[in-house]
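Undergrad: Compute the structure for the input listed below.
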Amino acid sequence: MSIEKLKQHFDNYFPLNAEELNALSTRFAQRSVKRRQFVLQQGDVCRHFTFVISGCLKMYAVDKNGKEHNLQFIAENDWATDLSSFYSEKPSQLYIEAIEPTMILQAKHEDVLHLYTRYHKFDHNFRVIIEQKYIELQDRVLQNISSSAEERYEYFLKQYPDLFNRLPNTQIASYLGITPEFLSTIRKTRVKS
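TA: Below you'll find the predicted structure:
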């Protein structure tokens, strides 16, 4: 069932044939992650590409004062990995943690490379996925340097329409770079207008 969701995800790009689907099922392992459990911790090498079947993860960094800064939320049909650590095989500066109970599929570094070299469609699929993530990152950086907190919140609602009711205010505020109190003010103002 979980591999079927991943197959459907790839159908959005370059659909897989029977042989490629079989390779996919042998290279990805299913894993259940409890709320507040880590998929990756700072200082560890990121060794997996992770696909979310159900639930939600957050990717974040912690500054020298111990404050969390959410970089990304990863919910159903999305990918989580620290690409820098994954490809360089150096310790990660990031955390990936479950916000709610989450079911994931993971492929190890060597399995991803095997799929790339043996089945070129995977190389094409992952290239498109990584390009989309890069575009999301560019949009996020532009939002952070050129938009008001209210505009960033509106953008967040468009980017994560199914998440704003699932995430605590503290998590959303961290993502937006504002305090939870200011987020509450923005939400109240938005409701009145």
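Undergrad: Can you find the helix or strand of this protein with the lowest average pLDDT?
TA: Every helix and strand in the chain was compared by mean pLDDT, DSSP states H and E; the lowest is helix 180-192, with a mean of 87.
Undergrad: quick one: low-confidence parts of the chain?
TA: Residue ranges of the chain with pLDDT under 70: 1, 193.
Undergrad: can you pull up the bridge partners for the residue nearest to the spatial centre of it?
TA: The chain has residue 74 as the residue nearest its centroid, 3.3 Å off, counting by C-alpha atoms, centre = their mean. Beta-bridge partners recorded for residue 74 (DSSP bridges): residue 57.
Undergrad: List the contacts of residue 12.
TA: With contact set as C-beta atoms under 8 Å, 6 or more residues apart in numbering, residue 12 has no partners. The C-beta positions use only the backbone N, C-alpha and C, and glycine is treated the same way.
Undergrad: who does residue 70 bridge with?
TA: Applying DSSP bridges, one finds that residue 70 bridges with residue 60.
Undergrad: Then the one 10 residues further on?
TA: Taking DSSP bridges as the rule, residue 80 bridges to residue 50.
Undergrad: for the chain, what spans make up the strands?
TA: Applying DSSP state E to the chain gives strands spanning 28-33, 38-40, 48-54, 57-62, 68-74, 79-80, 95-98, 102-108.
Undergrad: Next, the buried residues of the fifth one.
TA: The one in question is strand 68-74. 68, 70-74 (16 or more other C-beta atoms under 10 Å).
Undergrad: go on, the first one?
TA: By 16+ other C-beta under 10 Å, the buried positions in strand 28-33 come out as 28, 31, 33.
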